[in-house]
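Enquirer: My questions concern the predicted model and sequence given below.
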Amino acid sequence: MMRASLVIASILFMACSPSSAIPDGGDDDGGADADTSFSYTPQGCSYTVTLPAARGFQNVGLDDGAAVTDVPGATPVRVRIGLGGGASGADARTSAVFTWETSGQNNTAEVKIGANVYKGHVWTTPPPTVGIGTDEPPVYMHEVHVCGLTAGTTYPYQVGGGAAGADVWSPSASFATLPGTGAITLGVSGDSRDSSSIFQMVQQRFHDAGVAMQLFSGDFVLWGSQASLYQTWLGAASPTLGTQIILPVAGNHENSSSQFYGNFALPGDDGPYAEQFFSVDIGSAHIVMFDDQELSTEPTIDESQAVLKFIDDDLTKAEANRANVPFLIAVHHRAEFGNGVHSTDGDEIQARASLNPIWDKHHVDLVINGHEHNYERSKPITGPATAPVVQTDTTKGTTYVVCAGAGASSESSKGATTYDATQVSFDGSSPYVGVYATLGLDAHTLTWTAYGLQ
């Protein structure tokens, strides 16, 4: 069977952001007195939800239906929508996960969709015990997994809950499940960490484009253990927040922090590494996403090996299903074949060495990264990682894209390489605001279109 086509559509590119060192204190333990691992099966769902003990979440429990009318700070704020499910097999056509915060603690977690009420769980994300964010208050989180929805359907909803007559709910909003067939457009961005106003501009673009779902390649905030930054950046996402599913992966600035994993609903219920790696089929694409922090810095530890094994096993299954889902796509933070300021850093070299053989083995079509803060798209290439080979037959190589300027300030690159198809570097001589992209999927074509903000 012939592989489907990758099309690079009309492009307007700018550059991305200066990097910082990995934040001190980002690798936190989430707080003292951590609860043990918590797991349950949401009503109507075929998967379990696991909150690993290593996250350090506290006050974990199921919705208790108590009265909350007189509880201070019970009003839901910053509702966001993600996905649940096992690491393989999340379904954006028939399920969604609603996550929100309250300024005060209560144990209600309910979603109303039409006449149906779905119940979930709550927890507290404590501040880290060391580093950035230790002086901030805990964050009171609520989450509900909803399954059994109909593909391509718009649903009005409210979140909140409480005893009848003593309940508190968010304003009504709506979201749409992904369609089961036909063309689908995804929004793609990353590295929003320096400017919430630029991030808001990108979100407005995604709102206006009516993208079905968003993929984010890491570095959502500057200091991954600082809870207040997530609140600011999520607040800036108001054009799309609570209306579009967003699936982010952690970058080096999140540094696998409990605050990052407490803020987003991601697939994966697989033991201690829940939500750190997962895949999902979206239309004609199988998309594998993962946190590359450990495999880039400590490749021999158990966590890194678990990530790599998952990717290899997952893509083996996806290749066998290529007649039905032809495109294979990967999303993670560090740029494997970028030529920016990080391209000679040890962690980026390690990511390239660990991952390039897997992409070659499974004939992955597209790898989406951030981290370098300039726009780059490679020609279709294969390894070896130390000397990539350009493939004139586009069905035999992988295209690598760096596209991450959804708020991060710009930086220059080290210059073009023999395998670059497009490179846009900011050198101070032209205006820069940011960069984002859309990914169009139909039965036989994948269309990548990048845009600059000016």
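Expert: That came through, no problem. Numbers count the residues shown, from 1 in each chain.
Enquirer: Kindly confirm my reading that Gln204 forms part of a helix.
Expert: Yes - per DSSP: H, G, I helix; E, B strand; the rest coil, Gln204 lies within a helix segment.
Enquirer: Now do the strand or helix carrying Thr232, average pLDDT.
Expert: Assigned by DSSP states H and E, Thr232 belongs to helix 227-236. Average pLDDT, helix 227-236: 98.
Enquirer: Alpha carbons of the next helix or strand after it, as PDB, please.
Expert: Tracing the chain C-terminally past helix 227-236 and defining elements by DSSP H and E, one meets strand 245-248 next. Extracted in PDB, the C-alpha atoms of strand 245-248 (Å, rounded to 0.1, in the frame of the first residue of the first chain):
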ATOM      1  CA  ILE A 245      -9.600  19.800  23.800                       C
ATOM      2  CA  ILE A 246      -5.900  20.600  24.400                       C
ATOM      3  CA  LEU A 247      -3.200  17.900  24.700                       C
ATOM      4  CA  PRO A 248       0.100  19.300  25.900                       C
END
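Enquirer: helices and strands around strand 245-248, which ones?
Expert: Secondary-structure packing of strand 245-248 (3 or more Cβ pairs under 8 Å, 6 or more residues apart in numbering; DSSP states H and E): strand 77-82, strand 213-216. The C-beta positions use only the backbone N, C-alpha and C, and glycine is treated the same way.
Enquirer: so for the shortest one, what's the average pLDDT?
Expert: Okay, so that is strand 213-216. On average, strand 213-216 scores 98.
Enquirer: before we move on, the earlier item: turn the helices and strands packed on strand 245-248 into CSV, columns for mean neighbour count and distance to Ser238.
Expert: Shown next, in CSV, are these (neighbours: other Cβ atoms under 10 Å; distance: least, Cβ to Cβ, whole Å):
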stretch, mean neighbour count, distance to Ser238
strand 77-82, 21, 9
strand 213-216, 24, 14
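Enquirer: Out of these, which is closest to Gln58?
Expert: strand 77-82 (19.9 Å; Cβ to Cβ).
Enquirer: so that closest one versus helix 227-236, what angle?
Expert: Angle between the axes of strand 77-82 and helix 227-236 is 80 degrees (criterion: axes from the mean of the first three to the mean of the last three Cα atoms, to 10 degrees).
Enquirer: Alpha carbons only: can I get the helix or strand just after strand 77-82 in CSV?
Expert: Once the chain leaves strand 77-82, the next helix or strand it forms, by DSSP H and E, is strand 96-102. What follows is strand 96-102, C-alpha atoms only, in CSV (Å, rounded to 0.1, in the frame of the first residue of the first chain):
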residue,chain,number,x,y,z
ALA,A,96,-13.7,14.2,27.1
VAL,A,97,-12.3,15.2,30.5
PHE,A,98,-13.3,18.4,32.3
THR,A,99,-10.8,19.9,34.8
TRP,A,100,-11.2,23.0,36.8
GLU,A,101,-10.1,24.8,39.9
THR,A,102,-11.8,26.5,42.9
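Enquirer: Quick one, which of the helices and strands packed on strand 245-248 gets closest to Pro127.
Expert: Evaluated with Cβ to Cβ, the helices and strands packed on strand 245-248 place strand 77-82 nearest to Pro127, the distance being 17.9 Å.
Enquirer: Can you add distance to Tyr118 and give the helices and strands packed on strand 245-248 back as TSV?
Expert: Output for the helices and strands packed on strand 245-248, formatted as TSV (distance: least, Cβ to Cβ, whole Å):
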stretch	distance to Tyr118
strand 77-82	13
strand 213-216	20
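Enquirer: how about the helices of the stretch 301-450 of the chain, start to end?
Expert: Assignment of helices within the stretch 301-450 of the chain using DSSP state H, counting those that start in this stretch yields the ranges 302-320, 346-362.
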